[in-house]
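In: with the input below, show me the fold.
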Amino acid sequence: MNKKKQHLLTQIVKTAEGIDLSEIRTPGVPIFQTSNYLYEDVEKGTDILLSKTPGHIYARYSNPTTDALISLVAALENAEDALVFASGMAAISSTTLAYCRPGDHIVSSAYIYGGTYTFFQNQLSRFNIDVTFVDPRDHDAIQKAVKANTRLLYTEPLANPTLIVSDLGFWKTQAQQHGCKLIIDNTFTPPPILRPLDFGADVVIHSATKYLGGHSDLLGGIVCAAGAEIETIRPVMKTFGPAMAPIIAWLLIRGIRTLGVRIERQNQSAMSLAQHLAAHPKVKKVFYAGLPGNQQYQLAEKQFNGYSGMLAFEIDGGREQAMTVMQHLETILFTVSLGDVSSLISHPASTSHVYLSPEERQAIGITDGVLRLSVGLEHVDDLKADLDNALAAI
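Out: Predicted coordinates for the structure are as follows:
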């Protein structure tokens, strides 16, 4: 039909349909803010839906902006492919459920993010999936925990928030010997600090909300792996529907482009702050893998390219004194996240690990006097002064 003869209301609807962007090139990735796509005929649309031919049919499955992000993070982690999710926990839960069935078993480090610990402990039991938590440093305990029905080994290279180091080489050896998949949450140690696939991990997960995004303005999760592993996880992602929005993918691409320079500065400042706090009379203990006095220093030096912008420290006096310190900080912000350009502090016992019992927290070194510090891009002298002023209040 000749559009000139159509009603104005119809023309308003139809004018923007199917605009050809193939000849447009930009230095950045455009945001394809669409929920569905046009295709040449029904047969082609069906082939796309069934993954018989490449293309886009529905934004819950794929989007050109998220595809660009997938290519970027796969290259970042030296992976064949990747998937993106609406949050880090969506990536963790989808990946776990993709591999495990009722009656299966997981061996997990006990020194992990509190949200993951709670999901493993409280939610997987509803599916009759059992989890054994171990000290990631205790190799005998890891070996003894593996059973005939163990499907996954799960750990963090640097534990949240105590920065305990997992020996990835040992974990991979156990996975190979017992026919398990090794899943690594690499949120604390993104490239260039660590590429877990190079150490034999099968799947790498990021809470992209943190270092990859880097600006506390998005939620996202990423899974990187070989193509066959991604195809195991993809059906769960499609069915459960934790899709990443195109604008979030665009923000992540922008954030990742500055990841290298951010991480370099944050590593340097975190080391300086760890040394400063280790010498402070009111600090009982500093958790930081890069301190030569750390019992795992040699392993960390061998495994990491830098030691992350994360550290934690413990003060006497428990929760009350910890809260006093946070209330007297001016430059460092009190919030629950990490990886921002601004320095952020949190109290794990009442935030990230609040759903663990006091006994569970105590067992993994999270006392009421522990504070977790995510070091930002401020000048390190200002951060030292801010901490000194706050510690003087106790």
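
In: hey, let's count contacts and neighbours off CA atoms from now on
Out: OK.

In: where does pLDDT dip in the protein?
Out: By pLDDT under 70, the weakly predicted segments of the chain are 1-4, 8-9, 11-13, 15-21.

In: longest helix anywhere in it?
Out: helix 259-278 (DSSP state H).

In: and that one, what other elements does it pack with?
Out: On a contact count with 3 or more C-alpha pairs under 8 Å, 6 or more residues apart in numbering; DSSP states H and E, helix 259-278 meets strand 285-287, strand 310-314, helix 380-391.

In: distance from the shortest one to the middle of the chain?
Out: Per C-alpha atoms, centre = their mean, to the nearest Å, the displacement of strand 285-287 from the mean C-alpha position of its chain is 23 Å.

In: repeat that for the longest one.
Out: For helix 380-391, the distance between its averaged C-alpha position and the chain's averaged C-alpha position is 28 Å (C-alpha atoms, centre = their mean).

In: kindly format the C-alpha coordinates of it as PDB.
Out: Listed next in PDB are the C-alpha coordinates belonging to helix 380-391 (Å, rounded to 0.1, in the frame of the first residue of the first chain):
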ATOM      1  CA  VAL A 380      46.000   7.600  48.700                       C
ATOM      2  CA  ASP A 381      47.200  10.300  51.200                       C
ATOM      3  CA  ASP A 382      43.600  11.500  51.600                       C
ATOM      4  CA  LEU A 383      42.400   8.000  52.200                       C
ATOM      5  CA  LYS A 384      45.100   7.400  54.900                       C
ATOM      6  CA  ALA A 385      44.100  10.700  56.600                       C
ATOM      7  CA  ASP A 386      40.500   9.700  56.500                       C
ATOM      8  CA  LEU A 387      41.100   6.300  58.100                       C
ATOM      9  CA  ASP A 388      43.500   7.800  60.700                       C
ATOM     10  CA  ASN A 389      40.800  10.400  61.700                       C
ATOM     11  CA  ALA A 390      38.200   7.700  62.000                       C
ATOM     12  CA  LEU A 391      40.400   5.300  64.000                       C
END
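
In: what sits up against it?
Out: Residues outside helix 380-391 that contact it (C-alpha atoms under 8 Å, 6 or more residues apart in numbering): 269, 272-273, 276, 282, 324-332.

In: tabulate those (CSV), appending distance to Asn78, neighbour count and secondary structure.
Out: CSV is the format used below for these (distance: C-alpha to C-alpha, whole Å; neighbours: other C-alpha atoms under 10 Å; DSSP: H, G, I helix; E, B strand; the rest coil):
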residue, distance to Asn78, neighbour count, secondary structure
Ser269, 27, 24, helix
Ser272, 30, 16, helix
Leu273, 31, 23, helix
His276, 35, 15, helix
Lys282, 43, 15, coil
Thr324, 44, 15, helix
Val325, 41, 21, helix
Met326, 39, 19, helix
Gln327, 42, 13, helix
His328, 43, 18, coil
Leu329, 39, 19, coil
Glu330, 40, 14, coil
Thr331, 36, 16, coil
Ile332, 34, 21, coil
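
In: got a list of what Leu124 touches?
Out: Contacts of Leu124 by C-alpha under 8 Å, 6+ apart are Asp130.

In: list the buried ones in the longest helix of the chain?
Out: 259, 262-275, 277-278 (16 or more other C-alpha atoms under 10 Å).

In: also stretch 111-129?
Out: So, applying 16+ other C-alpha under 10 Å, buried residues of stretch 111-129: Tyr111, Ile112, Tyr113, Gly114, Gly115, Thr116, Tyr117, Thr118, Phe120, Gln121, Leu124, Ile129.

In: what of stretch 355-367?
Out: For stretch 355-367, by 16+ other C-alpha under 10 Å, it's Leu356, Arg361, Ile364, Ile366, Thr367.

In: so which of these belong to helices?
Out: Filtering the buried residues of stretch 355-367 for helices - DSSP H - leaves Arg361.

In: got the buried residues of stretch 355-367 as CSV, with distance to Lys147 columns?
Out: Formatted as CSV, the buried residues of stretch 355-367 follow (distance: C-alpha to C-alpha, whole Å):
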residue, distance to Lys147
Leu356, 25
Arg361, 26
Ile364, 23
Ile366, 28
Thr367, 31
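
In: which pair in the buried residues of stretch 355-367 spans the largest distance?
Out: The span of these, defined through C-alpha to C-alpha, is set by Leu356 and Thr367 at 11.7 Å.

In: between the helices and strands packed on helix 259-278, which one is closest to Ala349.
Out: strand 310-314 (11.8 Å).

In: next, the angle helix 259-278 makes with the closest one.
Out: Angle, strand 310-314 to helix 259-278, by axes from the mean of the first three to the mean of the last three C-alpha atoms, to 10 degrees: 20 degrees.

In: how far is strand 310-314 from where the chain is centred?
Out: Relative to the centre of its chain, strand 310-314 is centred 19 Å away, using C-alpha atoms, centre = their mean.

In: go on, stretch 279-296?
Out: For stretch 279-296, the distance to the chain centre is 25 Å (C-alpha atoms, centre = their mean).

In: pull that stretch out as PDB, backbone CA atoms only.
Out: The C-alpha coordinates for stretch 279-296 follow below in PDB (Å, rounded to 0.1, in the frame of the first residue of the first chain):
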ATOM      1  CA  ALA A 279      51.300  -0.400  61.300                       C
ATOM      2  CA  HIS A 280      48.400   1.300  63.000                       C
ATOM      3  CA  PRO A 281      48.100   0.700  66.800                       C
ATOM      4  CA  LYS A 282      44.300   0.500  66.700                       C
ATOM      5  CA  VAL A 283      44.200  -2.100  64.000                       C
ATOM      6  CA  LYS A 284      44.200  -5.700  65.200                       C
ATOM      7  CA  LYS A 285      44.700  -7.400  61.900                       C
ATOM      8  CA  VAL A 286      44.900  -6.600  58.200                       C
ATOM      9  CA  PHE A 287      43.600  -9.000  55.500                       C
ATOM     10  CA  TYR A 288      45.500  -8.400  52.300                       C
ATOM     11  CA  ALA A 289      47.200 -11.000  50.100                       C
ATOM     12  CA  GLY A 290      50.000  -8.700  49.000                       C
ATOM     13  CA  LEU A 291      51.600  -8.200  52.400                       C
ATOM     14  CA  PRO A 292      54.800 -10.100  52.700                       C
ATOM     15  CA  GLY A 293      53.800 -11.200  56.300                       C
ATOM     16  CA  ASN A 294      50.800 -13.000  54.900                       C
ATOM     17  CA  GLN A 295      51.200 -16.800  55.200                       C
ATOM     18  CA  GLN A 296      49.800 -17.100  51.600                       C
END
